[in-house]
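Student: dropping the sequence and predicted coords here.
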Amino acid sequence: MQKNFARTLLVIAVCMLAASVVIAQVTPQEAQQLKTTLTPLGAEKAGNKDGTIPAWNGVYSTPTPGFHNGGRRGDPFANEKPLFSISAKNMDQYADKLNDGTKAMMKKYPTYRVDVYPTHRTGGAPQWVYDNTLKNATRASIVNLPSGPTPKGAYGGIPFPMPHTGAEVMWNHRLRWRGESWHLDVNQYLGTADGKLVLSTDGQAEQQMPYYFKDGSPEKWNGEYWMIRLVNSGPPIRAGEAVLGRQNVDDDKTLAWVYLTGQRRVRKLPNPCCDTPSPAMSGVMSFDELEMYDGRMDRFDWKLIGKKEMYIPYNTNKMLQPTKDSAVLMPHHLNPDYVRWELHRVWVVEATLKAGHRHPAAKSRYYIDEDTWQGVLGDRWDARGNLWKTLWTMPTVLPEIQATVDFAFGFYDMSSGTWYVANLFNQKHEQYGITPRWPDRVFSPDALASESVR
Amino acid sequence: MQRLTNDKKKCMRLFILIVLTSLALVSLTMSAAAQEVKTDNPQQPTATTAQDAATDQALAIPAPEPEKYTKAPYFGPAKLQWTTTAKYSSMFRLLPKSAPISSTTSNPNNYNQDDGDRNFHGGLVSDRTDFLTEMDVSFGSNFGFRASAAAWWDPMYNQRTANNNALSYNSNFHTGNAAWMLPPDNAHFGAQTRDLEFLQAELLDAFVHVRVPLGQSTLTIRAGQFAQQWGQTLFFGGNGIAGTMAPIDLIKLLSVPNAEFKEIIRPVPQVSMNLQITPKVSIGGYYQLHFVETRFPSVGSYFSTGDVLGQGATRWFVPSGPTPGSGMQPWFIRENDIKAKNSGQFGVQVQVRAPHGWDLGFYGVQFHDTAPQLYITPGAGPDVGVLSPMEIGEYNEVYAENIKAFGMSASKTTGIANWAAEFSGRLNQDLAASVAIPTVPVTVPGVGVVAYAPAYGVADNNKHPAYCTGDTLHANISTLIQLHPNAIAKDSALVAEVAWNELVSVTRGGVAPGPVGQPSWFAQASSSTKQAVAFMAVYTPTYHQIRPGLDLSVPIGISFSPYGRSVLGPAFATEHGGFFNAGLSLAYRNANRITVTYQNFVGAQGGSVASNNNFSYKQSYGDRDYLVFSIHRTFGLQASQKAH
C-alpha cells in the first residue's frame, strides 16, 4: 500500500516535471485518455488493487424513489451499514488515509468518529459537460492575472481534467459541475467553544453557475461563474439582511453587494474575499473558507502534491434525513451517526502563503475528490505551524442532475474550539431544489433592493 | 387652535390604537395558523428513503429536466415572519448645565432654548423601554405585505423636572384671565412633551408589495406607508437625495450614537415602482400621498435645544424685558402651522450597472422641506389686545414647498474599500436665515391680521416666502473599508463620509430682499457662509467569540466640521465642532445585545440662536455629554406553508 502510493507519487512527480518543462497543456492524443483509462472528468477509471475502491461505471443517475424536485431528498444508500468505524482508539491503523484535522478531532473529542461505508463512485456529469471537458483539456490554459492564476478558454466542463499544477486542481474545484441553477433554503449554526449551538443564518438563496449554461461558449462567457443571492429570514436579529455576489474567475472583477435593511437600498461590499470574516457566518468563517476554498488565488503558492487514497465524507444523503437540525449536530461537531465516509482517491494540493502577502493560514492542505473535483477536506496551519482549522464539505448525490454536490460545509477550529456548519436542510421542506435558469436580473443589486421589504 | 391640536392628537392616538390592535389580532391568528403549520412539520417532510418509498419504485419517476420545470404559479406558499425587539436603555447626563447654553443673561435668546437643558440634573435622564415589532407576510416572491410598529415608555417624563427658571419655561402656561400673568408650572413636563416621550406608540410600515414579471423585465410596486431612500449618502443624508425623500426622527438621531441616516428616516404614505429593464438598467419612481414633518425632540426633552419648535411648542418669549405685573417676558403665541400640501412630492431614478464595476444612479426629485421656517407676526394672534401686554403677536411653523433636486451618484469597489460619491443640486431650497424672520402685520378685510412680506404681498410657503430661497450644490463622498486582519483586530471596518454644500445663488430674497442672486449678501444677513463642510467616521473593531457565544465590538465615532456655517442650518453641522464617542457592544448568541456608549460633544458652547438672532452654529449640546447603557433582545416567529 505504502509502496503503491509512493510509486504513484513518483509517477506523478515525473509527469509534473515533464509537463512543466514541455507544455502546460494537454495534447489531443493525451486527451484521448479521457475516453479510455480516465473518466470523462479526468479521474482514474479503474478501481484500486485492494478492491476497496471500485472502478467507475458512469455517473449515478438512478432516481431516488419518492423524490420530486423541490421536496426532500432520500438516501440511495440507506440500507448500507458501516464497514468499520475509526476513532481515537484505532486511528493509527488508518493514519495514512486520514487528514490531520480528522485525527486531531478524534484525539480531542472521544465522541468524534469516522464511520466508513462501501465506496460508491457516484460522481460525474451529463454528457454535454463531458464533451466540454474534453474540449477544455486542450483549449484551456492558466494565465497569470494580478488576481492570481486564472483559467482562460475553459467553459461548460471541468477546465483541467488532466491537471499539472495545484492551481489547476483548485480551479477544477471552483468550477466543478453542480447543476446550472438551484434554490437553497438552509440553516447555519455557530458552535461555541463551550458546546452551545447558535443559529447564525436561516437563509434562502438563489444560485446559478453561468459557466454551465448549456448553450454558452468560452467566447460568449464573461468570466462570471457563480451567482449568489442570499436573503436571511432568521435569526430574528438578522431577518431581512441580504447579500448578492457575482463571482468572476478574475477575482478583481468579482462584485458583491449588501442590502441594508431599513433604508431599502444596496451598497457595494468592500473586500468580500480571502481572510475577511464573512458577516453571514457569524464572523468566524472567512470568505475563502466557503465550500472548502473559494478565494483569490494570488496569495498562495499552489503546489500539487499528488493523489492518494483517503477517507472522506461522501454520498452524505443520510445527513438530510432527520427532520431536526439538532439530530445531526452534537456540541462540538457533527453527529458521526449521520456522516458517511468512504474511501476515495483525492488530489492533494498544498497552499503556502507567498512572501509579502498576509493571511492567518500560513500553510493549507486541500483534498479534492477525483471524480467530482469537489474539495472535501482542508487543513489550515497558522504562522506558528499549529493546526488551526479543519474544513469539510458533505458531497451529496443528486441523481436527477447527474451530480454529486457539496451540501453542508463548515470547519472545526482546533485552537479555539469554535465550529461552524453551513447549509443544513433538515428542517426544510425543500432540499436543494433544481430550478429553471434564473434571469440575470435576479442577481442585480436593484432587483435585490426593490424586492426586499425590510 | 390648542383644542384642535388636542382633538387631532386624540384621533391619531385612536387610530394607532386601532391599527395596533388589529395588527395584534392579525398576528395572533397568523401565529396560531403558523403553529399549526409548525406542528405539522415533523410529519410533512415525508421521509423519502429507499425503504419507505419502495412501493413507489414501480412508478420510476423520471428526473425532471431543468428546462421542463413547470412555471411557478403567481402566488406561492404563504410565509410569515414576525420579529419583535425589546430594548431597555438608560442614559446618564455627565455635565451640569452651562451658562452659554442656558443663561438668559449671557444670551437673551436662551429664554427660548434652555428648557431641555434646565429640565435635567446630572445623572439619569432617560429610563426608556422600547418595543419594535415587524411582521412580514408573503405569498411566494410576488406578493406580500408588511407592517411594523413601535412603542415606548420613559417614566422620566412623568416625573418632576429639575427646572429652576419658570420665567424661561415655554410650557404649562396657566389659563384664565388672572392666571395668565403667573409664571408656568416648570416642575412638570409640558402635556404634549409628556405625550410623545412618556408613553407612546406609532405605526411605522404598513404596505403591500407586488412583483409583476413582464417578459425579461420585472416591475415591482409598493404601496402604503414606508420609508425609502436613494443615493449613496451614509451619515449626512440630509445633504443628499436621501434627505429629500423622507422626514427624519431627530430624537433617534440624537439619542442613538452613530446612527446612520437609514435608522432615522420616518415612513411616509406613498406608492413606489421599480422597473428592471435589463439586468443592468432599472428605472424607478415614487409619489408621496401625504406630507409628514421631521420630528424634533419635543420641547423640554433632554435633546431639545429649541423651545419654539416641534411638539410641545406653544409660546415664544420676546426678551424685551419683564412685563409689569407678571415678571415674564411678553410672548408670541404659536398659531396654525403653514403645512406643505400633501401633493407635489415625487421622484424618479435610473440605476445603471456600468462596465468596470461602476454603479451609477441618476435622480430627479421634487419635495417639501420637512423642517420648518418660522414666521412671526407682531400684533397678530387671538388674544392680542385681550391679554396685552403679555401676548404681543403670533408665530407659525412654515414648511417650504416645491423644492427640486437633481443628482447623480457613483460607487465602485477597489481592493478593501468601497467608494461612493453623490452630487446634487437643489432649486428653490429654503435657506437657513435668522430664526426671527421679520414679517410686518397687515390687516386684510375679512381675513384679519396676516403675515405680510413687503416684496410679494401675503407671505406663503411657496412662491411668496418671507424666508430666502436659493440654488444650492451638495456633495457627499463616502467609503466603507473592510480592513485586513491586523494587530488590533481580525475583523474591523471603517466607515467615513465627507459632506459639502454651497449656496450658488439666492433666488428669492424674503422680506428684506437684498440683491437676489448674490450669496454673499445672504451670508452676511444670516451669518451663514457660502460653503460648509463636515465629516464623520466610525471605526469598529470586532472580536468574535471572546468567550463562547460572545462577540465584542468597540465602535469609535468622530464627527467634525472644519469649515463653514451651512445654508442648510446648524442641523448640517456645528462650526468647528461635532462629537466624539466610544462604545462597547457585546452580542451574545446572536440574540442579546448590550451596549455602553460615551458621547462627548465637541465645540464652543452656545445656544442655537445667538443674541443677534442669527443661528450661532455653536455646540448647543455642549453641556449634555452622556453615557448610555442599553440592552436588547430580538424574538422571532417564522412559519411557512409547504410548497404546492
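Tutor: Right, received. Where do you want to start?
Student: tell me, how many residues neighbour B:P355?
Tutor: Neighbourhood size, B:P355 [other C-beta atoms under 10 Å in any protein chain shown]: 7. Every residue, glycine included, has its C-beta placed from N, CA and C.
Student: could you do the one 5 residues further on as well?
Tutor: One way to gauge burial is a neighbour count; for B:L360, by other C-beta under 10 Å, it gives 15.
Student: that one - that's part of a strand, no?
Tutor: Yes. Under DSSP: H, G, I helix; E, B strand; the rest coil, B:L360 falls within a strand.
Student: next up, the contacts around the residue nearest to it when sequence neighbours are not counted.
Tutor: Among residues not flanking B:L360 along the chain, B:V352 sits closest, at 4.5 Å (C-beta to C-beta, 6 or more residues apart in numbering or on different chains). Applying C-beta atoms under 8 Å, 6 or more residues apart in numbering or on different chains, we find B:V352 in contact with B:K280, B:V281, B:D359, B:L360, B:G361, B:F362.
Student: please, which helix or strand holds B:V352?
Tutor: Per DSSP states H and E: B:V352 is located in strand B:346-354.
Student: that strand: how far from the chain's middle?
Tutor: 24 Å (C-alpha atoms, centre = their mean, to the nearest Å).
Student: residue contacts, the closest residue to A:T165 other than its chain neighbours?
Tutor: Excluding the flanking residues, the one nearest A:T165 by C-beta to C-beta, 6+ apart is A:L304, at 5.6 Å. A:L304 is in contact with A:I12, A:M16, A:P163, A:H164, A:T165, A:G166, A:E168, A:V169, A:W347, A:V348, A:V349, counting by C-beta under 8 Å, 6+ apart.
Student: least confident of those residues?
Tutor: Ranked by pLDDT, these bottom out at A:M16, which scores 47.
Student: let me know the pLDDT of the residue nearest to B:A242 when sequence neighbours are not counted.
Tutor: Counting by C-beta to C-beta, 6+ apart, B:Q229 is the residue found nearest to B:A242 once chain neighbours are left out, at 3.8 Å. Predicted confidence (pLDDT) for B:Q229: 89.
Student: now swap in B:L23 and tell me
Tutor: So B:L23 comes in at 47 (pLDDT).
Student: likewise the one 5 residues further on?
Tutor: The predicted local confidence for B:L28 comes out at a pLDDT of 42.
Student: which residue would be the closest one in the stretch 451-600 of chain B to chain A?
Tutor: Of all residues in the stretch 451-600 of chain B, B:P548 sits closest to chain A, at 3.6 Å by C-beta to the nearest C-beta.
Student: partner strands of the strand holding B:V352, with direction?
Tutor: Within its sheet, and counting by DSSP bridges, strand B:346-354 is paired with strand B:281-288 (antiparallel), strand B:358-367 (antiparallel).
Student: include distance to B:A459 when you put these into JSON lines, please.
Tutor: JSON lines is the format used below for those (distance: least, C-beta to C-beta, whole Å):
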{"stretch": "strand B:281-288", "distance to B:A459": "25"}
{"stretch": "strand B:358-367", "distance to B:A459": "21"}
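Student: for B:N590, which of these is the nearest?
Tutor: Among the strands paired with strand B:346-354, strand B:358-367 comes nearest to B:N590, with 30.4 Å by C-beta to C-beta.
Student: ok now that closest one, how far from the chain's centre?
Tutor: 21 Å.
Student: buried sites along that strand?
Tutor: Using 16 or more other C-beta atoms under 10 Å in any protein chain shown as the test for burial, strand B:358-367 gives B:D359, B:G361, B:Y363, B:G364, B:V365, B:Q366, B:F367.
Student: of those, closest to chain A?
Tutor: Within those, the smallest distance to chain A is 6.5 Å, found for B:D359 (C-beta to the nearest C-beta).
Student: which parts of the stretch 151-300 of chain B sit against chain A?
Tutor: With the criterion set to C-beta under 8 Å from any C-beta of the partner chain, the stretch 151-300 of chain B comes near chain A through B:209, B:211, B:216-218, B:220, B:222, B:226-232, B:242, B:260-263, B:265, B:274, B:276, B:278-280, B:282, B:284.
Student: just the buried ones from the residues you listed, in ChimeraX syntax?
Tutor: Per 16+ other C-beta under 10 Å, the buried members of those correspond to this ChimeraX selection:
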select /B:209,211,217,218,220,222,226,227,228,229,230,231,232,242,260,261,262,265,274,276,279,280,282,284
